[in-house]
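K.L.:
need coordinates for the below:
(chains A and B)
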Amino acid sequence: MSLNKARRPTEPAGLNITSMMDMMTIILVFLLKSYSTQDISIAPSEDLELPVSTVQKAPEMAVNVVVSKKNIVVDGVPVLSLEKAPDPDNPGQSRLQIPEDQKNGQLIDALLDELSKKADTAKNIGAQSGSSEHEFKGRLLIQCDKKLPFEILRQVMYTAGQAQFSEFKFVVYKQE
Amino acid sequence: MAVQRRIQKAEDLNLVPIMNLVTILIPFLIMAAQFVQLAVIDSTLPAIGAPSTSDEKPDKPPLNLSLAITDRGVTVMGADAILYPEGAPEVAEGETRPPTIPCKSGGACTSVEDYDWTKLTAKLNLVKDEYPDEEDANVILVPDNQIKYEVIVSTMDASRDDPSKPGSDGKSRMLFPNVVIAGGAM
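P.N.:
Numbers count the residues shown, from 1 in each chain, chains lettered A, B, ... in the order given. Just a heads-up that it's a prediction; the model follows:
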């Protein structure tokens, strides 16, 4: 009875990467499928949930206003915060609104300043380039949370109208 | 003479360079990947200006279709002659007219699904039958102050096209794609 086993010289163990290759190939195909070159991007957050719509029109570049449950942001610059106030129609409940001291009737002062600046810049660019492609057309992309009341949206639209933006484009999720 | 036969070992394909390439490609593609599709709904401010003066008298009054959205349903305004051929329903003094399309649950609408969008599309189909012209393809939305934005978007969807009916281009029938949002009750 021999306990001595013949020792074979060990070969360096090769990593079998074929299965990994398979996985990578599948991921690659999936990612290529979802590759996109869209003009605008959104930052999903809890406070900004866009509604879903059946519309098919693709978005284009324009000044971007984000109205989330927390604040209003113009092209990435926060302009003002929304506040919670008691709801007169449903006692005990609260609702979102634009702070009273921030607005002048229907007009939101801080938003008007920011949007007027944007409109002036866009007009300058349009005048200097001289081509109709860069002309100021008053387009405004509005990203609004789906649970916000129309009151806030109306005040934002009214203010934008005063800042010479007249063509609103509401950004929505496309229905699959 | 005995020939020693070695077992021929299959040469492994060297996949390491391909792996390197793929590993670099994946982070790049993840960055550019878009998992949600975005779209935009066009809307304009109500145009302010003198009404167009034309010598020709139109044979029928222009359509001035508006949809009032309240928490009790959607009211179609400006098309009573089409929706009520026998005359508008009588409303008792001091009472407001009930909405044309009430909520499915009867009382106040609780969610977006509670609004009867298919019925609204069906009613607007009738209006479109009467006014097939392109110029009339305008609808004015008059939402209440506390109506949620998602309800407004769904109203625009319901009034834009009717997917159940084929249109001229083979897709769904176009109803009123031009949306104007009015100020509503101030």
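K.L.:
all strands of chain B, in order?
P.N.:
Counting by DSSP state E, chain B has strands at residues B:38-44, B:66-70, B:73-77, B:101-102, B:138-143, B:161-166, B:172-174, B:178-181.
K.L.:
buried ones in the last one?
P.N.:
The neighbour-count check on strand B:178-181 (16 or more other C-beta atoms under 10 Å in any protein chain shown) flags B:178-179, B:181 as buried. In short, each C-beta sits where N, CA and C put it, glycine included.
K.L.:
and if you look at the second one?
P.N.:
If you call a residue buried by 16+ other C-beta under 10 Å, then strand B:66-70 has these buried ones: B:66-70.
K.L.:
in CSV: those, plus pLDDT and distance to chain A.
P.N.:
Putting the buried residues of strand B:66-70 into CSV (pLDDT from 0 to 100; distance: C-beta to the nearest C-beta, whole Å) gives the following:
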residue, pLDDT, distance to chain A
B:S66, 83, 15
B:L67, 86, 13
B:A68, 86, 12
B:I69, 87, 8
B:T70, 85, 11
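K.L.:
which member of the residues you listed is positioned nearest A:S41?
P.N.:
Distance to A:S41 across the buried residues of strand B:66-70 (C-beta to C-beta) is lowest for B:I69, with 30.6 Å.
K.L.:
can you get me a residue count around the residue nearest to the closest one when sequence neighbours are not counted?
P.N.:
What sits nearest to B:I69 in space, not counting adjacent residues and going by C-beta to C-beta, 6 or more residues apart in numbering or on different chains, is B:P143, at 4.2 Å. By the criterion of other C-beta atoms under 10 Å in any protein chain shown, B:P143 has 26 neighbours.
K.L.:
coming back round to it: so which of the strands of chain B is nearest A:E46?
P.N.:
Using C-beta to C-beta, the nearest of these to A:E46 is strand B:38-44, at 18.6 Å.
K.L.:
so where do the helices sit in chain B?
P.N.:
B:16-32, B:80-83, B:117-130, B:149-160 (DSSP state H).
K.L.:
residues in contact with the longest one?
P.N.:
Helix B:16-32 is contacted by residues A:17, A:20-21, A:24-25, A:27-28, A:31-32, A:35-37 when judged by C-beta atoms under 8 Å, 6 or more residues apart in numbering or on different chains.
K.L.:
longest strand in chain A, please.
P.N.:
Looking across chain A with DSSP E, the single longest strand is strand A:167-174.
K.L.:
now it: how far from the chain's centre is it?
P.N.:
With C-alpha atoms, centre = their mean, to the nearest Å as the basis, strand A:167-174 stands 11 Å off its chain's centre.
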